[in-house]
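Visitor: Fold the following, please.
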Amino acid sequence: MTTLRQLEYLVTVAETGSFTQAAELLLVTQPALSHQIQALERTLGGPLLERLPRQVRLTPLGRAVLPHAQNALAEVERLHGVARRTSGLEEGELEVAVIYSVSLGILPPVLQEWRRRHPRVRIRLREYSHADTLRAALQAGKADLAIGPEPDGWDGPMRTLGVEEFVVVLASDDPRASTGAERIPLADLADRDWVHFAPTNGLAEVLDHACAAAGFTPRAAVRAEQTPAALLLAAAGLGPTLLPADIVPPDFDGVALRPDPPVRRRLAVYFRTGPDPLATAFSALVAEHAGPALSRLS
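Guide: A predicted model of the protein is given here:
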């Protein structure tokens with residue numbers, strides 16, 4: 001089996017024209033150097049070097065092999081360079097798995113700042129509609145880190161970001177929107193038809209659990225698969241919906257009220273194994289930008 005060390009020895013002998021000089025440069029003994037060259041010759045099926053009285057020259061086989069050996073060593077050096085630059089946050093690619101609401105709310109300013117700080121480190125974003133599929137994707141190795149609801153029983157590294165607050169979204173001409181109140185009891189909306197979510201969207205469970213805690217089961221006027229569609233449909237008057245506050249823009253055409261009792265969920269960045277420098281730096285930036293959007297931990 002040919003090794004990189006053997007190729008390095010061959011290239012050094014060829015460039016110096018001397019076993020003695022090559023051994024000095026490589027910090028090995030001449031017998032050790034000769035042994036490795038002979039092993040390489042046996043592997044490749046013939047002599048690579050012709051040992052003359054005052055110099056060493058390449059055989060025809062050696063001249064054919066030398067460019068490939070040089071290219072292999074150069075490729076390894078490029079590989080090491082990429083690794084050094086990646087660990088130094090100079091370049092690379094990071095695969096990030098997120099829940100939909102995170103990609104709509106917390107993540108945009110994070111990505112903007114990341115691009116400013118690390119323009120040569122690409123981010124590959126994978127979006128999931130449910131916390132279970134997000135978790136499964138990370139476990140399957142489809143991403144370097146995940147950002148979403150704090151996973152129960154996760155045995156890998158995890159960094160909790162804060163508490164995501166939810167709001168009830170109503171049309172601007174809804175009777176409950178004109179009272180001037182900042183909060184609305186969910187029980188007061190028990191007789192309404194809701195802008196609900198498809199079962200594949202994790203917000204369906206959040207809405208069902210919140211309404212169950214208020215003593216009723218929400219009737220669905222329409223079910224949205226995509227989270228942004230629920231915001232637009234509720235603002236258009238099809239019924240109230242429940243959304244994370246950080247994804248509702250301040251100038252949207254509707255009203256957002258805090259539900260009573262409050263609806264919250266904890267968000268976290270979590271990893272399958274110990275994070276590398278890129279993942280660590282990205283998670284720190286997420287935590288930095290998540291602060292203004294999320295409530296403090298309680």
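Visitor: ok, residues contacting the helix or strand harbouring A212?
Guide: A212 belongs to helix 203-213 when elements are defined using DSSP states H and E. Helix 203-213 has contacts (Cβ atoms under 8 Å, 6 or more residues apart in numbering) with 101, 166, 186, 190, 194, 196-198, 217-218, 223, 227, 230, 241-243, 259, 261, 263, 265. Every C-beta, even on glycine, is put in place using the N, C-alpha and C of the backbone.
Visitor: Put the buried members of these into a PyMOL selection.
Guide: To isolate the buried ones among these in PyMOL, judged by 16 or more other Cβ atoms under 10 Å, type:
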select buried, resi 101+166+186+194+196+197+218+223+227+230+241+242+243+259+263+265
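Visitor: Just the ones of the contacts of helix 203-213 in strands?
Guide: Judged by DSSP state E, those include 166, 194, 196-197, 223, 241-243, 259, 265 as members of strands.
Visitor: Let me see the backbone angles for the spatially closest residue to E165 that is not a sequence neighbour.
Guide: Once flanking residues are discounted, E165 sits nearest to A245: 4.6 Å by Cβ to Cβ, 6 or more residues apart in numbering. When read as degrees, to the nearest 10, the backbone of A245 gives phi -60, psi -30.
Visitor: these two touch, right, A245 and G162?
Guide: No: A245 is beyond contact range of G162, at 11.9 Å (criterion: Cβ atoms under 8 Å).
Visitor: Next secondary structure after the helix or strand where E75 lies?
Guide: Taking DSSP H and E as the criterion, E75 maps to helix 60-87. Going down the chain from helix 60-87, the next helix or strand is strand 92-99, by DSSP H and E.
Visitor: Would you mind listing the residues in contact with the nearest residue to L33 once chain neighbours are set aside?
Guide: Once flanking residues are discounted, L33 sits nearest to A23: 4.8 Å by Cβ to Cβ, 6+ apart. A23 sits next to 29-30, 32-33 when contact means Cβ under 8 Å, 6+ apart.
Visitor: relative to strand 92-99, how tilted is the helix or strand hosting A281?
Guide: Of the helices and strands defined by DSSP H and E, A281 is found in helix 277-293. Going by axes from the mean of the first three to the mean of the last three Cα atoms, to 10 degrees, helix 277-293 is angled at 40 degrees with respect to strand 92-99.
Visitor: Tabulate the CA atom coordinates of helix 277-293 in CSV.
Guide: Taking Å, rounded to 0.1, in the frame of the first residue of the first chain, the C-alpha atoms of helix 277-293 are listed here in CSV:
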residue,chain,number,x,y,z
PRO,A,277,-15.3,26.0,15.7
LEU,A,278,-17.8,27.0,13.0
ALA,A,279,-20.8,25.6,14.7
THR,A,280,-19.7,27.1,18.0
ALA,A,281,-19.3,30.5,16.5
PHE,A,282,-22.7,30.3,14.8
SER,A,283,-24.5,29.2,17.9
ALA,A,284,-23.0,32.1,19.9
LEU,A,285,-24.2,34.5,17.2
VAL,A,286,-27.7,33.0,17.4
ALA,A,287,-27.7,33.4,21.1
GLU,A,288,-26.6,37.0,20.8
HIS,A,289,-29.4,37.9,18.4
ALA,A,290,-32.1,35.8,20.0
GLY,A,291,-31.9,37.8,23.2
PRO,A,292,-34.0,40.8,22.0
ALA,A,293,-36.6,38.5,20.3
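Visitor: quick one: contacts for the closest residue to A235 other than its chain neighbours?
Guide: Leaving aside its sequence neighbours, A235 sits nearest to G254 (Cβ to Cβ, 6+ apart; 3.3 Å). Neighbouring residues of G254 by Cβ under 8 Å, 6+ apart: 169-172, 177, 231, 234-235.
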